[in-house]
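K.L.:
Take a look and give me a structure for this.
(one chain, ligands or ions: 1)
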Amino acid sequence: MKETLIHYPHFIGEKQYEGTEKIIVQDKYLNSALATISNGTETEVNLAVQAAREAFNTTKLTPAKRAELLYTAAELFKERKEELAETITMEAGKVITDARAEVDRGIQTFIAAAEEGKRITGHTVPVDGQSGNENRIAFTIRKPVGVIAAITPFNFPFNLTAHKVAPALASGNTLVIKPSEKTPVSAMKMAEILLEAGFPPGYINVVNGYGHETGSHLLKHSGVNMYTFTGSPDIGKLIKNNTGIRKVTLELGSNAPNIVHHDAENIKSIAESCVEKGMMNNGQACISVQRVYVHDSVADIFLEEAKAAAEAMIVGNPLEADTQVGPMIDKRSTERIESWVNEAVMEGAEIVAGGRRKGSIYFPTILTAVKSSMKVVCEEVFAPVIVVESYNNFEEAIKEANQSRFGLQAGVFTSNIHLAMDAAAQLEFGGVIINDVSTFRADVMPYGGIKDSGIGKEGPKYAIEEMTDEKLIVLKTH
Ligand code: NAD
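P.N.:
I've put the predicted structure just below:
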């Protein structure tokens, strides 16, 4: 290990807190050590929760003040945008143009949370509509839940952390963040900037470490009021099963379907979009295009255009401006997708493009002639791989799309408004995107899945609802 390697310990209260054991964070393209973090034990988890509790109990900030601090943080993020983007690229392998876009989106998430935090409302309850309650006025207000544990994944280390941190702070909560051990540096920089912006010590704490160790301690801690988790369905279930009756929101995976009907406008650009958004972030997004159902009559042209688009993608060093596909998060993930594709091919799938690996880079891959039982179809691929299947009638395509244990977002392309609305009604997903791919996300929209894709919504306005308790007040007037 190089002497100069930056070490990121834990962030507890107002100071960096050393641990005993160190974990190496890799540069995902160079495959060399980028930094080290501490591996949090029960002691550091206890200290972090204690600091968050103390700040919550003793240092109240008005909604206007919280918004002001969040706006200040947004300005500081802007000043350090390039540094933050390069951090994302190195620790996550994300191509630099997408990393810059992620920082921009994260800044918008902070600004949206600042705005939403200024208009948290309850509602009037018309109790006098029931006879006998005429002399009462009732209304609700929303109160912060208290200490929130935010457990985050590797694939959007800045913006997905922002989606938890910004609404939690905007609504008056304090936080213990447990970032992915694969991409912890973005979260450490975010915490440092939030403190610099003026949040009081204890509002934002970061405990680094492995999920099964540090994360497990955090799940057991009775001082945490709510868990907000983004990650894999297996860990999501584990979190739900281990946190008793406390609040939990789970943003989990999917195998997003996209239906392309024969009457959709511009099949070429739809094919290009499906490829671009299937391969973006190396396919490691929970709403990446994965399953594409294309009407028989346009399937050949779709495949031809999709193949051309996939083969034209520039693959390589994520820090270079033109690169579109870089390394996956680790060699193990690349080997996993390689074995899934090979297995599908053994069972009859055909490779239209890609289908090969170089180190931890997997080349943009399109498969066809797949079966619904193949892992590349029924599991979450989380890799630059899409499968394209043709269909004969629209109802059949909707049925296929619904044949999944997941339900995050789906895309539908058609110029027929009646079919579009049928699809919107029948698709069993948290969101249906019409005339764009399943990958569309605006950070202000309600975002979250059904079935194994999770419970609860993100998007600052909706996350604030999750992160506050509704309290009823009844006033007897005479
Ligand atoms: P992961 O589940 O492996 O890890 C996520 C976090 O959980 C990490 O911080 C990890 O350390 C922690 N963790 C692991 N084991 C734990 C345990 N036993 N106790 C407590 N914490 C534990 O997920 P990942 O590989 O980092 O991310 C990829 C997954 O995230 C994919 O399934 C993807 O679809 C999903 N995801 C979902 C959304 C969404 O908004 N729905 C967004 C991004 C990613």
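K.L.:
Work out for me the element residue 205 sits within.
P.N.:
Using DSSP states H and E, residue 205 maps to strand 204-206.
K.L.:
tell me what that strand is packed against?
P.N.:
strand 10-12, helix 42-58, strand 174-178, helix 185-197 (3 or more CB pairs under 8 Å, 6 or more residues apart in numbering; DSSP states H and E). In this view, the C-beta of every residue, glycine as well, is placed from N, C-alpha and C.
K.L.:
Let me have the ones you listed in TSV, adding mean neighbour count and distance to the ligand as columns.
P.N.:
Below are these laid out as TSV (neighbours: other CB atoms under 10 Å; distance: least, CB to the nearest ligand atom, whole Å):
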stretch	mean neighbour count	distance to the ligand
strand 10-12	26	14
helix 42-58	20	11
strand 174-178	28	6
helix 185-197	22	10
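K.L.:
Could you dump the ones you listed into JSON lines with mean pLDDT added?
P.N.:
Output for the helices and strands packed on strand 204-206, formatted as JSON lines (pLDDT from 0 to 100):
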{"stretch": "strand 10-12", "mean pLDDT": "96"}
{"stretch": "helix 42-58", "mean pLDDT": "98"}
{"stretch": "strand 174-178", "mean pLDDT": "98"}
{"stretch": "helix 185-197", "mean pLDDT": "98"}
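K.L.:
What residues does the protein have near the ligand?
P.N.:
Contacts of the chain with the ligand, taken as CB under 6 Å from any ligand atom, map to 151-155, 160, 178-181, 211-212, 215-216, 219, 230-232, 235, 238, 251-253, 286, 380, 382, 408, 454.
K.L.:
Let me see the mean pLDDT of the strand holding residue 205.
P.N.:
The pLDDT scores in strand 204-206 average 98.
K.L.:
let's have the chain start at 713 instead
P.N.:
Done: numbering now begins at 713, and the last item shifts to strand 916-918.
K.L.:
What are the buried residues along the least confident helix or strand in the chain by mean pLDDT?
P.N.:
None of the helices or strands of the chain scores lower by mean pLDDT, DSSP states H and E than strand 727-729, at a mean of 88. Neighbour counts over strand 727-729 (16 or more other CB atoms under 10 Å) mark 728, 729 as buried.
K.L.:
most centrally placed residue in this protein?
P.N.:
Among the residues of the chain, the one closest to the centroid is residue 872, at 4.8 Å (CA atoms, centre = their mean).
K.L.:
how close does that residue get to residue 1043?
P.N.:
From residue 872 across to residue 1043, the span is 23 Å (CB to CB, to the nearest Å).
K.L.:
Run through the bridge partners of residue 940.
P.N.:
residue 862, residue 961 (DSSP bridges).
K.L.:
and it, how many residues sit next to it?
P.N.:
Residue 940 sits with 28 neighbouring residues when counted by other CB atoms under 10 Å.
K.L.:
pretty sure it contacts residue 865?
P.N.:
No: the pair residue 940 and residue 865 does not pass the contact test of CB atoms under 8 Å, sitting 12.0 Å apart.
K.L.:
Quick check: pLDDT value at the residue nearest to the centre of the chain.
P.N.:
pLDDT at residue 872 comes out at 98.
K.L.:
how much space is there between residue 923 and residue 930?
P.N.:
9 Å.
K.L.:
show me the contacts for residue 750.
P.N.:
Going by CB atoms under 8 Å, 6 or more residues apart in numbering, residue 750 touches 719-722, 729-735, 756, 920-921.
K.L.:
What strands flank the least confident helix or strand of the chain, and is each parallel or antiparallel?
P.N.:
Strand 727-729 pairs in its sheet with strand 722-724 (antiparallel), by DSSP bridges.
K.L.:
Enumerate residues external to the partner strand that contact any of its residues.
P.N.:
728-731, 750, 752, 756, 759-760, 763, 900, 903-904, 916-920.
K.L.:
to the chain's geometric centre, what's the distance from it?
P.N.:
How far strand 722-724 lies from its chain's middle: 23 Å, per CA atoms, centre = their mean, to the nearest Å.
K.L.:
likewise stretch 1043-1061?
P.N.:
Offset of stretch 1043-1061 from its chain centre (CA atoms, centre = their mean): 25 Å.
K.L.:
Please spell out which residues along that stretch are buried.
P.N.:
Using 16+ other CB under 10 Å as the test for burial, stretch 1043-1061 gives 1045, 1046, 1048, 1049, 1050, 1052, 1053, 1056, 1057, 1061.
K.L.:
Quick check: mean pLDDT of it?
P.N.:
For stretch 1043-1061, mean pLDDT rounds to 97.
K.L.:
Repeat that for stretch 981-994.
P.N.:
98.
K.L.:
Can you tell me what sits against that stretch?
P.N.:
Contacts of stretch 981-994 (CB under 8 Å, 6+ apart): 805-806, 810, 867-868, 970, 972, 976, 1000-1002, 1004, 1013-1015, 1017-1018, 1021-1022, 1025, 1036-1041, 1074, 1076, 1078, 1095-1098, 1125, 1148-1151.
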